[in-house]
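Engineer: Just need the structure, nothing else, for what follows:
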Amino acid sequence: MAESATPRQLLQGFLQGVPPARPLFLPIVFAHGARIENVSLRAFLTNPTKISNSLRQIRPRLHADGVMCYFDPLLEAEALGGTVQWETEDRPPSLRWPNAAPGGELPEGLRSPEDAAKHGRVGVAVEVIRRLKSVLRDDCLLMAAVSGPFTLAAMLTQIEGADTLRAQDISVSALDLATAAISPIAKALLEAGAGVIFIREEVLPALSAGDASDWAARLATTINII
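Structural biologist: Residues are numbered from 1 along each chain as shown. So this is what the prediction gives:
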């Protein structure tokens, strides 16, 4: 039974405290699909048909237990009101704020967390998950990713220099907004059919015990939803 268990069954057992019969292979492979579909990364990120087609081709080659349906570091920031700027069609873009504030402060005119879950490319990610759910069934875990609170707060306040960043360098208001924005976006992805959500925390300063407890508390709602 264990040997023939689907990835979803293995994951459900793991969450109930049952050690999986084998490790789950969940590679983060996403942007490579643009090359498979022979389109620019910029065009790829907004085209659920191209994304779905490429991921269906990638999975059998990897023999993976899961498919990364959408993985973009700027997803939440754009949904909140940021502007994605492309230097060239195929290189990673940068983020700009229409009503930029001094470094360390929140820009003006941001969307609410609830509205953010309905804007930007969140809808594209949701559509990809829905399409793949209808064709891959339960034999494959559908995956997506959201930014962690420190990572998103740093983007909101245009703070750079992650290597020397301190927890106190990021304002509480920015962390509060980032925390509030992550949960509804994660919920939208899960309701579409995602079975695994990665929390991408690339900007994580050195944390004291108190800071670490606060960070864990900020993630609690999103983790509970997942």
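Engineer: residues contacting Q12?
Structural biologist: Applying CB atoms under 8 Å, 6 or more residues apart in numbering to Q12 gives no contacts. For glycine as for every other residue, the C-beta is placed from the backbone atoms N, C-alpha and C.
Engineer: for the longest helix belonging to the chain, which positions count as buried?
Structural biologist: Determined from DSSP state H, the single longest helix within the chain is helix 172-192. Across helix 172-192, burial judged by 16 or more other CB atoms under 10 Å covers 174-175, 177-190, 192.
Engineer: Stretch 119-130 too?
Structural biologist: Neighbour counts over stretch 119-130 (16+ other CB under 10 Å) mark G120, R121, V122, G123, V124, A125, V126, E127, V128, I129, R130 as buried.
Engineer: Next one: the first one from R56, what distance?
Structural biologist: In this structure, G120 and R56 are separated by 24 Å, where distance is defined by CB to CB, to the nearest Å.
Engineer: And the last one, by the same measure?
Structural biologist: R130 is 14 Å from R56, where distance means CB to CB.
Engineer: shaky segments in this protein?
Structural biologist: For the chain, the stretches with pLDDT under 70 are 1-3, 90, 100, 103, 138, 160-164.
Engineer: thinking again about what came up before, could I get the buried residues of stretch 119-130 as TSV with secondary structure and distance to E108?
Structural biologist: Shown next, in TSV, are the buried residues of stretch 119-130 (DSSP: H, G, I helix; E, B strand; the rest coil; distance: CB to CB, whole Å):
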residue	secondary structure	distance to E108
G120	coil	18
R121	coil	22
V122	helix	22
G123	helix	24
V124	helix	26
A125	helix	26
V126	helix	28
E127	helix	30
V128	helix	32
I129	helix	32
R130	helix	34
